[in-house]
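Asker: Take a look and give me a structure for this.
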Amino acid sequence: MTDADKPRLTRAHVLELLRGMIRIRRFEEACFELYTRERIRGFLHLYDGEEAVAVGVMAALDARDRVVATYREHGQALARGVSMEAAMAEMFGKATGCAGGRGGSMHLFDAETNFYGGNAIVGGGLPLAAGLALGDRMQGRPAVTACFFGDGAVAEGAFHEAMNLAALWRLPVLFVCENNLYAMGSAIARVQANPDLAGRAAGYGMTAEAVDGMDVVAVEAAARRAVARMRGTPAPHFMECRTYRFRAHSMFDAQLYRDKAEVEAWRARGPIRRFRDWALGAGLVHEADVAAIEAEVGQAVANAVAAAEQAPVEPVETLALHVTAAARPAPAVAPPPAAAVETTYREAVRAAIGEAMRADPRVFLMGEDVGAYGGCYAVTKGLMAEFGPDRIRDTPLSEIGFTGAGIGAAMAGMRPIVEIMTVNFSLLALDQILNTAATIRHMSGGQFGAPVVIRMATGAGRQLAAQHSHSLEGWYAHVPGLRVLAPATIEDARGMLPSALREPDPVLIFEHVMLYNTAGPLAANAGAVDIDRAAVRRPGRDLSIVTSGGSLPKCLAAAAALAAEGIEAEVVDLRVLRPLDDATILASVARTRRALVVDEGWRTGSLAAEVAQRIVEGAFFALDAPVARLCSAEVPIPYPRHLEEAALPSVAGIVAAARGLMEGRA
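Answerer: Sure thing, here's the model as predicted:
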């Protein structure tokens, strides 16, 4: 750390620090009063007492750096430079808010100041911060990512996974733990086996220190030391800022867990009072300066409130805005096929990954055992030798951490492919997929997107028993903000990935385990395919069999068997599970007048139920029979082969269901 990196307590800087803390305090006092009048609703978590942390840390950052906050983020947003009027309008849910009114108190976003928002999930921003730093480092940007979180987050798995990744990959993340002694209503001594949070962070091999979070000068000095060190040699740094919140955890909190004397004792050494009194005593500021700041800030807050009161609300007609990007790339158009070569589904996926990485240096792959091991299903075998460990990146067993890091890297400009080994492991990363990837565009009012591609193996059939045989595609197809793909052919295995990498929003690709060994011809010049439409894989006149993924080969085999009986079944491959291609499905049913939906998921709440209902809604008067469904039995998938086969849709079962539909027995 050079002299240039040290805080300069000139009169101008002292006034700046004091003004910054007072702005936060007065803004929140206004929010408190507005909440009691029901002008602000939802959760409201006030920063009162912790102002020195935000102001001190932000003083050490510059415009290129990124900030990830937590749900108590008003102080961080204002200290970072987010407009007070835009922040207040967001509190009101108005269209002029910093997130267009879609985020509210817990989700302030501002792309102009590199403020990546508050996060209502405890610890949820930690993997995101690691990913932002990873993206910057891979692109050679000398930026630091500051990540704020509370002491309660230290107990979360996301904290430990993000800390490990940041230390392992030497990512320039400034982890700022605002230890206000209470995780909601539980004192840290009651819920943490080791309350020395800085000591625990040091266990990951990173520099860690505890700082008096009520002293803005101490916080700034520590932050400047950390940032200077990280700019010279990228590596994470942990700051435990020991502070205190004077108000309740949120406005719903009766504060029965602490007494008033404790609060008053902390108020006596509050950061604003403490710094103001010191500055007055040192002669750096005068009472008139303090009065002028109070008047200036008071007027700014009043103006912000008045502007928010008068600001327009977002029209109801724009309800669906910012769920996904307004503009998408044009659908891929395949060239005339060249001579075919024999390949497998597995080799087609590998070829797609390799081609994408050769074409775009922003593309990289990460996941468990994708590098040296070659992937659990040997999909990525040999890729590390070509692209090296930086772009074929082996991760720890930490789905929350590396999935969140992939999302962050995508937001920083990279094009990551995240491989989750099997679909059941994706449940560990569900928070990051659902609460960050799928929602970040909406919550930020369209300022940020997460163009990440997440691949995973899915399905049953290999005697892997109940915990490794899930078909959960329908769960993810339920989530707005995601595009969900199910490549069932070698052509789609080869072509869906490059199309997904062009998307501005998150794409999930489900590769069925029983398809990896499928062999067949593929055009030598095969490339990107359309990822908007379903496909008719076999034309027919008597009924439509609608399916996806690993069930497609079974449905085609069943259709061939039915044809021998004189029943011509049309087989529709959904391909895209979200958004569903209603037009292709309904056009098929209009031709055949009967529909059977085959889905490897469980029947209750299934994707099959959604498809069936859409057929009823869109083609009811074309139907000559009720829509039929064939799904997996409502049991955990068993290990014995004969029981596993009995639990899953089979060719014989599809044939029987189709016959029943034709005979009116559906």
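Asker: so where's the stretch 1-150 of the chain uncertain?
Answerer: The model of the stretch 1-150 of the chain has pLDDT under 70 over residues 1-5.
Asker: cool, the stretch 151-300 of the chain as well?
Answerer: Regions of the stretch 151-300 of the chain meeting the criterion pLDDT under 70 are absent.
Asker: If we use 80, what do you get?
Answerer: By pLDDT under 80, the weakly predicted segments of the stretch 151-300 of the chain are 185, 248, 251-256.
Asker: now the helices for it?
Answerer: Taking DSSP state H, counting those that start in this stretch as the criterion, the stretch 151-300 of the chain contains helices spanning 157-168, 188-191, 197-202, 216-232, 260-267, 271-282, 287-310.
Asker: So which of these is nearest V57?
Answerer: Nearest of those to V57, taken as CB to CB: helix 216-232 at 4.5 Å. The C-beta positions use only the backbone N, C-alpha and C, and glycine is treated the same way.
Asker: Could you list the buried residues of that closest one?
Answerer: Buried residues in helix 216-232, defined by neighbour count with 16 or more other CB atoms under 10 Å: 216-230.
Asker: coming back round to it: from the helices of the stretch 151-300 of the chain, which stretch is densest packed?
Answerer: helix 157-168 (a mean of 23; mean count of other CB atoms under 10 Å).
Asker: what packs against that helix?
Answerer: helix 125-138, strand 173-179, helix 399-411 (3 or more CB pairs under 8 Å, 6 or more residues apart in numbering; DSSP states H and E).
Asker: one more time with 7 Å, if that's ok
Answerer: Other helices and strands packing on helix 157-168, by 3 or more CB pairs under 7 Å, 6 or more residues apart in numbering; DSSP states H and E, are helix 125-138, helix 399-411.
Asker: chain center to the helix or strand just after the last one: distance?
Answerer: Read it as helix 399-411. Per DSSP states H and E, the first helix or strand lying C-terminal to helix 399-411 is strand 415-422. When distances are taken as CA atoms, centre = their mean, to the nearest Å, strand 415-422 is centred 13 Å away from the chain's centroid.
Asker: what separates stretch 365-376 from the chain centre, distance-wise?
Answerer: In terms of CA atoms, centre = their mean, the centre of stretch 365-376 is found 21 Å from the chain centre.
Asker: start to end distance for that stretch?
Answerer: Stretch 365-376 has its terminal residues 14 Å apart, counting by CA to CA, to the nearest Å.
Asker: Can you get me a residue count around the residue nearest to R231 when sequence neighbours are not counted?
Answerer: Distance criterion CB to CB, 6 or more residues apart in numbering; nearest residue to R231, sequence neighbours excluded, is P142 at 5.9 Å. Residues near P142, counting by other CB atoms under 10 Å, number 13.
Asker: Which secondary structure state is assigned to P142?
Answerer: Of the three states, P142 takes coil under DSSP: H, G, I helix; E, B strand; the rest coil.
Asker: swap in the one 5 residues further on?
Answerer: When states are read from three-state DSSP, the local structure at C147 comes out as strand.
Asker: Same check on E600?
Answerer: strand.
Asker: Report the contact partners of the nearest residue to it once chain neighbours are set aside.
Answerer: Closest residue to E600 apart from its sequence neighbours, by CB to CB, 6+ apart: S471 at 4.1 Å. Contacts for S471 (CB atoms under 7 Å, 6 or more residues apart in numbering) come out as 458-460, 600-601, 632.
Asker: Go again with 6 Å.
Answerer: 458-459, 600-601 (CB atoms under 6 Å, 6 or more residues apart in numbering).
Asker: got those as CSV, with neighbour count columns?
Answerer: Shown next, in CSV, are the contacts of S471 (neighbours: other CB atoms under 10 Å):
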residue, neighbour count
T458, 28
G459, 29
E600, 31
G601, 25
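Asker: Tell me which stretches of the stretch 401-550 of the chain form strands.
Answerer: Here the stretch 401-550 of the chain has its strands, by DSSP state E, counting those that start in this stretch, at 415-422, 453-458, 483-485, 507-512, 519-523, 535-538, 543-547.
Asker: Which among the ones you listed is found nearest to L556?
Answerer: The nearest among the strands of the stretch 401-550 of the chain, by CB to CB, is strand 535-538 at 6.1 Å.
Asker: which residues are in contact with stretch 309-320?
Answerer: For stretch 309-320, contacts defined as CB under 6 Å, 6+ apart pick out 89, 94-96, 101.
Asker: Now do the buried residues in it.
Answerer: Of all the residues in stretch 309-320, those buried under the rule 16+ other CB under 10 Å are 311, 314.
Asker: Quick check: closest non-adjacent residue to Y373.
Answerer: D394 (7.8 Å).
Asker: And for R269?
Answerer: Nearest to R269 is M214, by CB to CB, 6+ apart, at 5.7 Å.
Asker: repeat for E342
Answerer: Leaving aside its chain neighbours, E342 sits nearest to P521 (6.0 Å; criterion: CB to CB, 6+ apart).
Asker: can you count the residues close to that neighbour?
Answerer: Around P521 there are 14 other residues, counting by other CB under 10 Å.
Asker: next one: P396
Answerer: 12.
Asker: List the contacts of it.
Answerer: P396 sits next to N164 when contact means CB under 6 Å, 6+ apart.
Asker: Hmm, the residue nearest to R269 is touching A268, no?
Answerer: No: using CB atoms under 6 Å as the test, M214 is too far from A268 to be in contact (10.4 Å).
Asker: Which one's more surrounded, the two?
Answerer: When neighbours are counted by other CB under 10 Å, M214 and A268 differ, and M214 comes out ahead with 24 against 9.
Asker: Can you pull the phi and psi angles for the more buried one?
Answerer: The phi and psi values for M214, taken as degrees, to the nearest 10, are phi -100, psi 0.
Asker: just L607 next, same as before
Answerer: phi -60, psi -30.
Asker: And it, how far from Y204?
Answerer: Computed with CB to CB, to the nearest Å, the distance linking L607 and Y204 is 41 Å.
Asker: Out of the two, name the residue with the larger neighbour count.
Answerer: Remark: of L607 and Y204, L607 carries more neighbours, 27 against 18, as counted by other CB under 10 Å.
Asker: who's in contact with that one?
Answerer: L607 makes contact with 474, 477, 599, 601, according to CB under 6 Å, 6+ apart.
Asker: Quick check: nearest residue in space to it, chain neighbours excluded?
Answerer: Nearest non-adjacent residue to L607, counting by CB to CB, 6+ apart: G474, 3.4 Å away.
Asker: Correct me if wrong: the one you found contacts R603.
Answerer: No: applying CB under 6 Å, one finds G474 not in contact with R603, separated by 10.6 Å.
Asker: just to revisit the earlier point, do you know which of the helices and strands packed on helix 157-168 lies nearest G75?
Answerer: helix 125-138 (15.2 Å).
Asker: Give the other helices and strands that that closest one contacts.
Answerer: Helices and strands touching helix 125-138, by 3 or more CB pairs under 6 Å, 6 or more residues apart in numbering; DSSP states H and E, are strand 66-68, strand 145-150, helix 157-168, strand 173-179, helix 399-411.
Asker: What angle do helix 125-138 and the third one make with each other?
Answerer: Translated: helix 157-168. Helix 157-168 runs at 20 degrees relative to helix 125-138, counting by axes from the mean of the first three to the mean of the last three CA atoms, to 10 degrees.
Asker: Need the residues that contact helix 157-168.
Answerer: With CB under 6 Å, 6+ apart as the contact definition, helix 157-168 has outside contacts at 123, 126-127, 130, 153, 173, 204-206, 236, 396, 398, 400-401, 405.
Asker: residue contacts, R462?
Answerer: So R462 contacts V513 (CB under 6 Å, 6+ apart).
Asker: And it, its phi and psi?
Answerer: R462 adopts backbone torsions of phi -120, psi 20, taken as degrees, to the nearest 10.
Asker: Repeat that for P336.
Answerer: Taking degrees, to the nearest 10 as the convention, P336 sits at phi -50, psi 130.
Asker: Could you list the domains of this structure?
Answerer: Following automatic domain parsing, one gets these domains for the chain: 3-313, 341-523, 538-662.
Asker: highest average neighbour count across these?
Answerer: domain 341-523 (a mean of 22).
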